[in-house]
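Peer 1: Starting from these lines, generate the structure:
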Amino acid sequence: MINDLEFRLTDGERARVEAVASELVGTPPRMIDEPHWIGVCRAGSDRLPVRVRQRLREFRYDPGDSGALLIRNLPGVAERPTPAEPGSVERVATVGAAVIGLLSMQLGELIAYRSEKSGALVQNVVPVPGMEEQQSNAGSTHLAMHVENAFHPRRPDYVGLLCVRADHDRVAGLQLSCIRKAVDALPDEISAVLAEPRFTTQAPPSFNRDGDSAQQHAVLTGEPADPDIQVDFHATAGNDEEAKNALEVLHGAVAAAAETLPLEPGDLALVDNRVTLHGRTLFTPRYDGNDRWLHRTFVHLDHRRSRALRTRTGHVLAHLPIR
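Peer 2: Predicted coordinates for the structure are as follows:
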């Protein structure tokens, strides 16, 4: 049930989060991607209300059957018109960007990808004129269920989505589906196929490079009764007929287990990207400065694991190992 994943701050807790975030906004040089700002954000996350930190710690230990956590009544609603340009990101600190940074860093380390959104650590998910039908964060059509950056060997462990402005008609919904709820619906022979490296996932256009080729991978890995999942139903393909059929069966099981969360300003959805897919329902943007607007972060639990793709103190992953 949706209520099982909700955690609502008291007004006092909200005020405390806003106070910490406001201090962070005023921290020179006020540039989110600067190492000093990130360090202050990391330290500030330990000043969040105790109950908030405890709940985040519990979620990190076990994301539950929904594989997600919806934190409500946070500060950080929109302070300016919704951006409408491709590749929109947050560079200068705001309360909303500070809030998602603070809570994300209670889970792990912020990361980004050099080839996506210019490597910004806090990104904007907004509709862009002319890109309505695109299967990306810039579209407004139905977004297929997927694991974030499913093609990448160092994809995020968590995805954070903070709503700073809802869509006009309040119809856009974050869709979630956890493999923990779907796996029991899969016949054993289907699970066996999904656990074999018989699938490929294409990178989005922003990640494509000459000479790159998709590597074959399994869709389900780890403990068969509680597996991790690696799939994007728009970009993942089975490499033979049996694999294609298994992918269709999985799609049905994932769809049957899906739930939809209508996000309101001040809602932060934290998604465990190892076990939970996410997507979005259709909505109609107006491009009037008041369209739906989310901040997005990516988080790694083990920062050391990505060391070959970034500098020692950096948070931005290159596409290929740094030489």
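Peer 1: all contacts plus neighbour counts: C-alpha atoms, from now on.
Peer 2: Noted.
Peer 1: And the pLDDT at W293?
Peer 2: For W293, the model assigns a pLDDT of 98.
Peer 1: ok, it - how many residues close by?
Peer 2: The number of residues packed around W293, counting by other C-alpha atoms under 10 Å, is 25.
Peer 1: Against A138, how distant is it?
Peer 2: Taking C-alpha to C-alpha, to the nearest Å as the measure, W293 falls 10 Å from A138.
Peer 1: average model confidence for stretch 185-203?
Peer 2: According to the model, stretch 185-203 has a mean pLDDT of 97.
Peer 1: how far is it from where the chain is centred?
Peer 2: Average the C-alpha atoms of stretch 185-203, do the same for its chain, and the two points are 23 Å apart (C-alpha atoms, centre = their mean, to the nearest Å).
Peer 1: how long is it end to end?
Peer 2: Start and end residues of stretch 185-203 are separated by 29 Å (C-alpha to C-alpha).
Peer 1: now stretch 124-132
Peer 2: End-to-end distance for stretch 124-132, by C-alpha to C-alpha: 16 Å.
Peer 1: What residues sit buried inside that stretch?
Peer 2: When burial is assessed from 16 or more other C-alpha atoms under 10 Å, stretch 124-132 yields the following buried residues: N124, V125, V126, P127, V128, E132.
Peer 1: try stretch 5-24
Peer 2: Within stretch 5-24, judged by 16+ other C-alpha under 10 Å, the buried ones are 5, 7, 9, 13-18, 20-22, 24.
Peer 1: Tell me the predicted confidence for Q134.
Peer 2: At Q134, the predicted lDDT confidence score is 89.
Peer 1: Could you tell me whether it really is in a helix?
Peer 2: No - the assignment for Q134 is coil, going by DSSP: H, G, I helix; E, B strand; the rest coil, so no helix is present there.
Peer 1: what number of residues lie near it?
Peer 2: A total of 15 residues lie near Q134 under the criterion other C-alpha under 10 Å.
Peer 1: so it touches T141, yeah?
Peer 2: Yes - using C-alpha atoms under 8 Å as the test, Q134 is close enough to T141 to be in contact (7.3 Å).
Peer 1: if we can go back for a sec, now render the buried residues of stretch 5-24 as JSON lines, adding secondary structure, distance to K244 and pLDDT.
Peer 2: As requested, these are exported to JSON lines (DSSP: H, G, I helix; E, B strand; the rest coil; distance: C-alpha to C-alpha, whole Å; pLDDT from 0 to 100):
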{"residue": "L5", "secondary structure": "helix", "distance to K244": "33", "pLDDT": "91"}
{"residue": "F7", "secondary structure": "strand", "distance to K244": "38", "pLDDT": "98"}
{"residue": "L9", "secondary structure": "coil", "distance to K244": "44", "pLDDT": "98"}
{"residue": "E13", "secondary structure": "helix", "distance to K244": "48", "pLDDT": "98"}
{"residue": "R14", "secondary structure": "helix", "distance to K244": "47", "pLDDT": "98"}
{"residue": "A15", "secondary structure": "helix", "distance to K244": "51", "pLDDT": "98"}
{"residue": "R16", "secondary structure": "helix", "distance to K244": "50", "pLDDT": "98"}
{"residue": "V17", "secondary structure": "helix", "distance to K244": "47", "pLDDT": "98"}
{"residue": "E18", "secondary structure": "helix", "distance to K244": "48", "pLDDT": "98"}
{"residue": "V20", "secondary structure": "helix", "distance to K244": "49", "pLDDT": "98"}
{"residue": "A21", "secondary structure": "helix", "distance to K244": "47", "pLDDT": "98"}
{"residue": "S22", "secondary structure": "helix", "distance to K244": "50", "pLDDT": "97"}
{"residue": "L24", "secondary structure": "helix", "distance to K244": "49", "pLDDT": "97"}
